[in-house]
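[1] Got a sequence here, can you model it:
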Amino acid sequence: MNASSSAPARSILESLLGDSAALAVLTDRKPTVTQQTQAAHDALYSASHPLPPALLHTLAAVVATQQGSSALLGWHLAHVDDRGLFDDLVSGATPAEPLLAALMSYVDTVSVSPALATAEDQHALASAGADPDLVVLIGQLVPFESYLIRLVAGLAALDASTAAAAAPVTADAPGIAAAPGTAAEVPTPLPDLDRAPHSRGRTGDRSALTATGRSRPTSFTREFLDWEPWLPAPAEDELTEEQIESFASKATTRSVYFRLIARTPGVTLARSTLDNAVFTSKEGLEKGERELAAAVSSKVNDCVYCASVHARKAVQRTHRDEDVDRMLAVELDRDADWVAADVTALAAGQDDRWTVLIETAARLAALVPEFVAEDADRLRRIGLTDLEMVDHIASTAFFGWANRLMLTLGEPYWPETEATA
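    Residues are numbered from 1 along each chain as shown. Here you go, the predicted structure:
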């Protein structure tokens, strides 16, 4: 056996980031995060699913294009069978096959405009032949890619910041695009994107009632909320042992949300373990500030439910209720796809440290992540260590996943209100 055949396979993060100092910090100090990122990737692309892996990679390549990640685009295009299908999709063509057309419309909404998702989207998917297992599969794939795009972007920016500090700018080298070895030498160029999400132009104003007639929150809050799905979750007595195990570290079988996403048990197990590793590990960024990053992402993505949970946790840990409420109260200007125009407005009125934390989290959470080396520099200047910066990045990135699941599979409601439908 030669040396190359015996070498261990590179992980997805190693493949995307190369010899990355930031990834080394994450792998050394928070190994569960890198391990479970890989486990989620494998559960999506290596396990048996209703759609073949090459088609899943094609859909993921569209997401990478929509969210501006040349690194992820190159990775997924290397795994597609039909490059022509990808080219057609980014050009705005509607697939002839009704199921693929419906799935692609759903991908657009989950990726670009998750807060504009409605129960009617689920009816359209069902009418096209998508069963709940398939819907949850796509509902996990796009959010996972959204997490991965932000994790890679954040770590690459941290590497670029480190490299810039070690190699001052000269006349012959006016800037550093990426630290040596941290990304592909020739990035895959992003193609022109002519897809228009079918949700474009919907209003993001919140109805006072859910699809079943329960009372729905119409603004951001730190109060306790409940959540109802738009498609059926398995009943408690229908769950398999594998499904129960997939979320046992997060919730009991009474949680309809976890019962629903347990339709993809391998992905959900990795996600549950990753969630705990990011937010409950002892060392690193102060836990209240990790929760703040989650709440900021939830504001950027307009997820009232997630914001309620994590703003509440941020206050519990930091005791800065007025500062958290000030951030929650900011109204962001949004375009026809409900994408926020100036995400840094969320930091208005905060002290120096929280201004930097909120602005950098918001820039990473943006549809096309805006987090660059200068953002890492700002985090260093307020005293964050490399480990704390990695925590800040991972906490924000994870909610690119969490927000999109919550927003596109169901909606929040006030507890103790009865369904009428």
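[2] I393 and L158 touch, don't they?
    Yes: applying Cβ atoms under 8 Å, one finds I393 in contact with L158, separated by 7.0 Å. C-betas here are computed from N, CA, C, even on glycine.
[3] Where does the prediction get shaky in this structure?
    For the chain, the stretches with pLDDT under 70 are 1-8, 167-185, 421.
[4] Please, where are all the strands along it?
    Assigned by DSSP state E, the strands in the chain fall at 226-229, 410-413.
[5] Can you say which of those is packed in most?
    Mean neighbour count (mean count of other Cβ atoms under 10 Å) peaks for strand 410-413 among the strands of the chain, with a mean of 24.
[6] tell me which strands and helices that strand is in contact with?
    strand 226-229, helix 304-318 (3 or more Cβ pairs under 8 Å, 6 or more residues apart in numbering; DSSP states H and E).
[7] again, 7 Å this time
    Counting contacts by 3 or more Cβ pairs under 7 Å, 6 or more residues apart in numbering; DSSP states H and E, strand 410-413 is packed against strand 226-229.
[8] Dump the C-alpha coordinates for the strand it packs on into PDB.
    In PDB, the C-alpha atoms belonging to strand 226-229 read as follows (Å, rounded to 0.1, in the frame of the first residue of the first chain):
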ATOM      1  CA  ASP A 226     -44.300  27.700  21.300                       C
ATOM      2  CA  TRP A 227     -44.000  26.500  17.700                       C
ATOM      3  CA  GLU A 228     -46.300  24.500  15.300                       C
ATOM      4  CA  PRO A 229     -45.300  22.600  12.200                       C
END
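[9] Got phi/psi on G129?
    phi 110, psi 10 (degrees, to the nearest 10).
[10] got the contact list for it?
    G129 is in contact with L99, counting by Cβ atoms under 7 Å, 6 or more residues apart in numbering.
[11] top helix in this structure by residue count?
    Longest helix in the chain, counting residues (DSSP state H): helix 132-166.
[12] give me the number of residues near T318?
    17 (other Cβ atoms under 10 Å).
[13] Relative to G288, how far out is it?
    4 Å (Cβ to Cβ, to the nearest Å).
[14] just D321 next, same as before
    If you go by Cβ to Cβ, the gap between D321 and G288 works out to 12 Å.
[15] ok, now E97?
    Distance, E97 to G288, by Cβ to Cβ: 48 Å.
[16] what about those two, which has more around it?
    Between E97 and G288, counted using other Cβ under 10 Å, the more crowded position is G288 (16 against 12).
[17] Okay, the more buried one and G92: tell me how far apart.
    For G288 relative to G92 (Cβ to Cβ), the value is 44 Å.
[18] Count the residues that sit near the nearest residue to A160 once chain neighbours are set aside.
    Distance criterion Cβ to Cβ, 6 or more residues apart in numbering; nearest residue to A160, sequence neighbours excluded, is A373 at 4.0 Å. Neighbourhood size, A373 [other Cβ under 10 Å]: 22.
[19] try the one 10 residues further on
    The criterion is other Cβ under 10 Å. On that basis, G383 has 9 neighbouring residues.
[20] Could you pull up phi and psi at it?
    phi 100, psi 10.
[21] Could you measure from the closest residue to it other than its chain neighbours over to A295?
    Computed as Cβ to Cβ, 6+ apart, the closest residue to G383 that is not its neighbour in sequence is R353, at 8.0 Å. To A295, R353 is 16 Å away according to Cβ to Cβ.
[22] which one of these two has more residues nearby?
    Legend: neighbour count by other Cβ under 10 Å for R353 and A295, higher for A295 (31 against 13).
[23] what's that one in contact with, if anything?
    A295 neighbours (Cβ under 7 Å, 6+ apart): 307, 310-311, 314, 324.
[24] for A336, same thing?
    A336 neighbours (Cβ under 7 Å, 6+ apart): 200-201.
[25] quick one: it and P197, what's the gap?
    Applying Cβ to Cβ to A336 and P197 gives a distance of 9 Å.
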